[in-house]
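Novice: next input, structure requested:
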Amino acid sequence: MSAAASTRKLRMGMVGGGRGAFIGAVHRSAAALDGRIELVCGAFSSDPACGLASGADFFLPPARCYRSLAEMLHAEMALPIGERMDFLSIVTPNHLHAPMATAAVQGGFPVICDKPLALSLQEALDLRTTVRAAALPFALTHNYTGYPLVKEARAIVRSGRIGAVRKVVVEYAQGWLATRIEASGHRQASWRTDPARAGLAGCIGDIGTHAENLAEYVTGLRIRELAADLTSFVDGRKLDDDASVLLRFEGGAKGALIASQIAVGEENNLRLRVWGSSGSLEWHQQEPNSLWLRSADQPVQRLRTGTAELSPAAAAATRLPAGHPEGYLEAFANIYRAFAVRVAAHLDGVSPPCDAPDCPTIDDGVRGMAFIEAVVASSRANAAWTPLASETTANASTNTASMRAPHGTR
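Specialist: Numbers count the residues shown, from 1 in each chain. Take a look at the predicted model:
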């Protein structure tokens, strides 16, 4: 009998993320940071030669480097339980997320997957049904929720310290797609601007879903309806590269979401501001170790990671002493650590500890797809107010094929 999963390293398989891929290296680094997870196998590329070469880069034996996910699942399921992978990490372009996750879950493997979850809300709902039927751990890498001070902001809102939330403004600005670099063969730009691989939306699906998830995570409020304006500023681009969205939350709060990948000079400027009836919060991803807390009758406070006054959730997510920079990889690793707790508990046949850290779930993925479809539908209707579709049944009137056509051009 193999050792309890809680007393050994978890064995990770990966699909995608081979040579030339950006996010695969991030996932591998984040997964390895706590020493709890090791990469044991993978199907790293749709090009078998590249996949084998990538496996050699990661010092994996050739026998555990597969030509496809189907081959990997078949071979891993045939191994003894004490040798096969414990879970699968999916780091492919968007169009492969749902079918690959479905195949892995049906094979009995927990999954951690890049966002967005799927190409449509219906596809996301179908996947959630499969995950729930299998009763397997499933996580989505909305990694910005792993930052300590994002968790602190969430705790402050929940405590009532800033009063009832009235206004939420979340912005995500990048400038890397300000020109049509996809036409020159840029690998990351090529698939992110291709409707067949990226899905219904470009910018709003790639980074807008991070902004949506961050706003809902911190405030605890769900977006009820929205009015959106999508634009493809770069000539010849088939999907949006800029988005402006007005938000109405359950409970009456209002908000705005701005996402852009043509904001010249911007790097990865994700910023959240929340105004309540008695105070406000502000957090910037490019300076993630600070959280600004303001009130009407007190001096402005700048909360910092590593300090004693933080909430238990924020303290648990903090890895370094005060004054030592920590950021993107550490936050990403917090997602993997939380997922690992759930996988180990599942493998051992027990419930996760009651104080286990939170991580994004398949429900967050379904929310993200409902958000994307509502944004696209609203923009096509000249920014008409559009409710987010039910998360139990997809909107039967949604024509996914027609929504993939170019939209929002000048």
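Novice: just give me the residue right at the centre of the chain.
Specialist: residue 142 (2.6 Å; C-alpha atoms, centre = their mean).
Novice: how near is the residue nearest to residue 117 when sequence neighbours are not counted to residue 126?
Specialist: Spatially, and ignoring its direct neighbours in sequence, residue 117 is nearest to residue 365 (3.0 Å; C-beta to C-beta, 6 or more residues apart in numbering). Every C-beta, even on glycine, is put in place using the N, C-alpha and C of the backbone. Distance of residue 365 to residue 126, computed by C-beta to C-beta, to the nearest Å: 12 Å.
Novice: so which bits of stretch 42-62 are buried?
Specialist: Of the residues in stretch 42-62, 42, 43, 44, 45, 51, 52, 54, 55, 58, 60 count as buried by neighbour count, 16 or more other C-beta atoms under 10 Å.
Novice: kindly report the same for stretch 299-315.
Specialist: Buried residues in stretch 299-315, counted by 16+ other C-beta under 10 Å: 303, 304, 305, 306, 310, 311, 313, 314, 315.
Novice: what's next to it, contact-wise?
Specialist: Here stretch 299-315 makes contact (C-beta atoms under 8 Å, 6 or more residues apart in numbering) with 148-149, 151-152, 154-156, 289-294, 318, 320-324, 326, 357-358.
Novice: quick check: phi and psi at the nearest residue to residue 353 once chain neighbours are set aside.
Specialist: Spatial nearest neighbour of residue 353, chain neighbours left out: residue 341 (7.0 Å); criterion: C-beta to C-beta, 6+ apart. Dihedral pair for residue 341: phi -60, psi -40, per degrees, to the nearest 10.
Novice: can you give me every residue that contacts residue 341?
Specialist: 352, 353, 356, 357.
Novice: poorly predicted segments of the stretch 201-350 of the chain, please.
Specialist: Along the stretch 201-350 of the chain, segments meeting pLDDT under 70 are nowhere present.
Novice: which residues of it fall in helices?
Specialist: Using DSSP state H, counting those that start in this stretch, the helices found in the stretch 201-350 of the chain span residues 203, 209-219, 312-317, 328-348.
Novice: export these as CSV, with columns for distance to residue 390.
Specialist: Output for the helices of the stretch 201-350 of the chain, formatted as CSV (distance: least, C-beta to C-beta, whole Å):
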stretch, distance to residue 390
helix 203, 25
helix 209-219, 17
helix 312-317, 30
helix 328-348, 27
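Novice: which SS class is residue 183?
Specialist: Recorded secondary structure, residue 183: helix (DSSP: H, G, I helix; E, B strand; the rest coil).
Novice: pretty sure it is touching residue 237, no?
Specialist: No - counting by C-beta atoms under 8 Å, residue 183 does not reach residue 237; the two are 9.3 Å apart.
Novice: of the two, who's got more company?
Specialist: Per other C-beta atoms under 10 Å, whichever of residue 183 and residue 237 has more neighbours is residue 237, with 23 against 13.
Novice: give the contact list for residue 118.
Specialist: For residue 118, the contacting residues are 94, 97, 98, 124, 127, 199, 365, 369, by C-beta under 8 Å, 6+ apart.
Novice: ok so the fourth one is a helix residue?
Specialist: So the one you mean is residue 124. Yes - counting by three-state DSSP, residue 124 is found in a helix.
Novice: list the contacts of it.
Specialist: Going by C-beta under 8 Å, 6+ apart, the list of residues near residue 124 reads 98, 117, 118, 362, 365, 366, 368, 369.
Novice: enumerate every residue touching the fifth one.
Specialist: The one in question is residue 365. Residue 365 touches 113, 115, 116, 117, 118, 124, 127, 128, 140, counting by C-beta under 8 Å, 6+ apart.
Novice: mind doing that once more with 7 Å?
Specialist: Counting by C-beta atoms under 7 Å, 6 or more residues apart in numbering, residue 365 makes contact with 115, 116, 117, 124, 140.
Novice: take these and keep only those in strands.
Specialist: residue 140 (DSSP state E).
Novice: contact partners for residue 383?
Specialist: Shown in contact with residue 383 (C-beta under 7 Å, 6+ apart): 227, 228, 229.
Novice: with distance to residue 377 added, can I get those in CSV?
Specialist: Below are those laid out as CSV (distance: C-beta to C-beta, whole Å):
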residue, distance to residue 377
227, 11
228, 8
229, 12
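Novice: could you dump those into TSV with distance to residue 221 and neighbour count added?
Specialist: Shown next, in TSV, are the contacts of residue 383 (distance: C-beta to C-beta, whole Å; neighbours: other C-beta atoms under 10 Å):
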residue	distance to residue 221	neighbour count
227	17	19
228	18	28
229	22	16
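Novice: hey, C-alpha coordinates of the host helix or strand of the residue nearest to residue 117 in PDB?
Specialist: Element membership for residue 365 (DSSP states H and E) is helix 362-380. The C-alpha coordinates for helix 362-380 follow below in PDB (Å, rounded to 0.1, in the frame of the first residue of the first chain):
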ATOM      1  CA  ILE A 362     -15.000  25.300 -10.800                       C
ATOM      2  CA  ASP A 363     -17.800  27.500  -9.600                       C
ATOM      3  CA  ASP A 364     -15.600  30.500 -10.200                       C
ATOM      4  CA  GLY A 365     -14.900  29.200 -13.700                       C
ATOM      5  CA  VAL A 366     -18.600  28.900 -14.400                       C
ATOM      6  CA  ARG A 367     -19.100  32.500 -13.100                       C
ATOM      7  CA  GLY A 368     -16.300  33.600 -15.400                       C
ATOM      8  CA  MET A 369     -18.000  32.100 -18.500                       C
ATOM      9  CA  ALA A 370     -21.300  33.700 -17.600                       C
ATOM     10  CA  PHE A 371     -19.500  37.000 -17.300                       C
ATOM     11  CA  ILE A 372     -17.800  36.600 -20.700                       C
ATOM     12  CA  GLU A 373     -21.000  35.700 -22.500                       C
ATOM     13  CA  ALA A 374     -22.900  38.600 -20.900                       C
ATOM     14  CA  VAL A 375     -20.200  41.100 -21.900                       C
ATOM     15  CA  VAL A 376     -20.100  39.900 -25.500                       C
ATOM     16  CA  ALA A 377     -23.900  39.900 -25.700                       C
ATOM     17  CA  SER A 378     -24.200  43.400 -24.200                       C
ATOM     18  CA  SER A 379     -21.600  44.800 -26.500                       C
ATOM     19  CA  ARG A 380     -23.300  43.300 -29.600                       C
END
